[in-house]
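> Got a predicted model here, sequence first, then my questions.
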Amino acid sequence: MNLGTLAKILIVDDMPINIEILLGMLEHDYEMSFVTSGADALDYLARGPLPDLILLDVMMPGMDGYQVCERIKADPVTQDIPVIFVTARTDAASEIRALEAGGVDFIPKPLNVAVVRARVRVILELQRRTRELELRLAELKQAHERLTHLANHDGLTDLPNRVLFFDRLDQALALARRHGTRLALLFIDLDKFKPINDNWGHAVGDQLLRLVAERLTGRLRSSDTVGRIGGDEFVALLSEVTDAGHAAQVADDLRCGLAQPYALPGLTVTISASIGIALYPDHGQDAIELARHADDGMYLAKQAGGDGLRLFPGAASSPPGPVLSPPGPALSPLDPA
């Protein structure tokens with residue numbers, strides 16, 4: 001039922017005189033339709049469009065009103081359409097049976113014009129308010145989900161932020177303790193990122209950070225987690241690594257991938273990264289200890305000239321290649337296509 005349009009009412013009754021009476025009472029205020037059997041009612045609902053309210057007789061040949069209502073309420077497509085029973089059966093048992101079948105109200109025959117109009121108006125108003133409330137609740141749920149996402153993800157790269165990443169690290173550590181497995185924490189810091197912002201502006205720097213995030217995510221398994229915890233600082237959680245060599249191999253693959261040129265509008269950028277590695281349970285028993293040791297390893301790699309890895313407690317890792325110390329990010333204009 002849309003604002004500014006007439007509510008749609010379906011009459012289900014096998015007696016033409018009853019249909020005529022109800023039409024005379026309601027057709028000036030509502031969009032009316034009618035069928036003369038329960039089977040026709042179900043067929044009407046299957047074809048659509050759906051009514052906003054159903055006025056349903058009880059005593060009909062073939063399928064009575066109770067059975068029709070139960071079928072309507074069993075169908076997810078039609079279960080929310082309110083049903084008012086209209087019947088000559090006025091005993092308590094019949095009224096209870098109607099409510100148990102899913103009816104929202106019960107109008108006895110002979111029909112009183114004022115009563116019929118009032119009950120129809122009240123039920124339709126309740127239906128309208130219910131739909132408005134459901135819509136509002138859906139909007140609030142979406143807003144809550146958006147706010148939750150924003151609170152737990154980096155606004156630039158959409159990677160998990162510090163809060164979400166370390167929550168996942170705590171969960172991964174709990175699983176590793178339970179199953180006796182090893183995991184690795186990587187601290188990844190881009191080398192000499194500041195000159196890019198200084199020379200080419202923050203828009204270029206931001207675009208580069210997004211591309212770095214994409215490369216990190218694309219080179220890891222779906223079971224691993226990448227996060228951004230600072231300006232040019234990223235972290236990676238590697239689940240179920242076999243040993244330090246395995247972790248160093250993955251870290252070196254990330255280092256090599258990050259060192260490949262980045263094509264940005266009007267220029268090509270290359271940049272390296274310093275990576276520190278700490279393993280559970282070898283180098284720490286909790287997130288704080290692992291983070292401190294991975295951070296220490298990252299600083300050792302940076303002090304050695306960057307573009308390298310260091311495994312806590314500072315011994316050089318043995319990736320397939322030397323630890324390099326390039327002069328910094330290289331910037332060059334793109335050749336015209």
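Done, it's in.

> Helices of the stretch 201-337 of the chain, residue ranges please.
Assigned by DSSP state H, counting those that start in this stretch, the helices in the stretch 201-337 of the chain fall at 202-218, 244-258, 287-303.

> Please name the residues that touch Ser223.
Contacts of Ser223 were listed using C-beta atoms under 8 Å, 6 or more residues apart in numbering, and they are 239-240. From N, CA and C alone the C-beta is placed, and that goes for glycine too.

> Per-residue pLDDT of it, please?
Note for Ser223: predicted pLDDT of 93.

> For the residue nearest the centre of the chain, give its distance to Asn152.
Central residue of the chain (C-alpha atoms, centre = their mean): Glu145, 7.0 Å from the mean position. In this view, Glu145 and Asn152 are 11 Å apart by C-beta to C-beta, to the nearest Å.

> What of Tyr299?
Here the distance between Tyr299 and Asn152 works out to 27 Å (C-beta to C-beta).

> ok, now Gln142?
Remark: distance between Gln142 and Asn152 (C-beta to C-beta) = 16 Å.

> Mind checking which of these two has more residues around it?
Asn152 (16 against 10; other C-beta atoms under 10 Å).

> OK, contacts around that one?
160-161, 163-164.

> Can you tell me which of those residues has the most neighbours?
Neighbour count (other C-beta under 10 Å) singles out Pro160 as the most crowded of these, with 22 neighbours.

> Enumerate every residue touching the nearest residue to Arg210 once chain neighbours are set aside.
Leaving aside its chain neighbours, Arg210 sits nearest to Thr157 (5.5 Å; criterion: C-beta to C-beta, 6 or more residues apart in numbering). Applying C-beta under 8 Å, 6+ apart, one finds that Thr157 lies in contact with 209-210, 212-213, 228.

> mind checking the longest helix of this structure?
For the chain, the helix that runs over the most residues, judged by DSSP state H, is helix 113-152.

> helix/strand/coil for Phe34?
Reduced to three states with DSSP: H, G, I helix; E, B strand; the rest coil, the structure at Phe34 is strand.

> what's around the nearest residue in space to it that is not next to it in sequence, how many residues?
In space, Phe34 comes closest to Ile11 once its chain neighbours are excluded; the distance is 4.0 Å by C-beta to C-beta, 6+ apart. Counted with other C-beta under 10 Å, the neighbours of Ile11 add up to 24.

> Surely Ile11 is in contact with Leu55?
Yes: at 4.9 Å, Ile11 counts as touching Leu55 under the criterion of C-beta atoms under 8 Å.

> any idea how far the residue nearest to Arg210 lies from Thr217?
Distance, Thr157 to Thr217, using C-beta to C-beta: 9 Å.

> go on, Asp206?
17 Å.

> Between the two, tell me which one has more neighbours.
Legend: neighbour count by other C-beta under 10 Å for Asp206 and Thr217, higher for Thr217 (16 against 13).

> ok, that one - contacts?
Neighbouring residues of Thr217 by C-beta under 8 Å, 6+ apart: 159, 226.

> Tell me the spacing between it and His179.
Relative to His179, and taking C-beta to C-beta, Thr217 is found at 25 Å.

> Could you do Ile123 as well?
57 Å.

> Compare these two (neighbour count), which wins?
Ile123 (19 against 8).

> Apart from its chain neighbours, what residue comes closest to that one?
Spatial nearest neighbour of Ile123, chain neighbours left out: Pro82 (5.2 Å); criterion: C-beta to C-beta, 6+ apart.

> Do you know the pLDDT at Leu164?
At Leu164, the model reports a pLDDT of 97.

> from what I can see it touches His153, true?
Yes: counting by C-beta under 8 Å, Leu164 does reach His153; the two are 6.7 Å apart.

> Please name the bridge partners of Val269.
Listed by DSSP bridges, the beta-bridge partners for Val269 are Tyr262, Leu331.

> typed the wrong thing, it's Leu237
Bridge pairing for Leu237 - DSSP bridges - gives Leu185, Thr225.

> one step back: can you tell me which of the helices of the stretch 201-337 of the chain comes nearest to Gln171?
Smallest distance to Gln171 across the helices of the stretch 201-337 of the chain (C-beta to C-beta): 10.0 Å, for helix 287-303.

> Tell me what angle the closest one forms with helix 244-258.
Orientation check (axes from the mean of the first three to the mean of the last three C-alpha atoms, to 10 degrees): helix 287-303 against helix 244-258 gives 60 degrees.

> returning to that earlier point: could you check the helix or strand following the longest helix of the chain and say which residues are buried?
Using DSSP states H and E, the helix or strand that follows helix 113-152 towards the C-terminus is helix 162-179. For helix 162-179, the neighbour count (16 or more other C-beta atoms under 10 Å) marks 162, 164-166, 168-169, 172-173, 176 as buried.

> Any chance of the contacts of Asn152 in a markdown table with distance to Gly266 as columns?
What follows is the contacts of Asn152, written out as a markdown table (distance: C-beta to C-beta, whole Å):
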| residue | distance to Gly266 |
| --- | --- |
| Pro160 | 31 |
| Asn161 | 30 |
| Val163 | 36 |
| Leu164 | 34 |
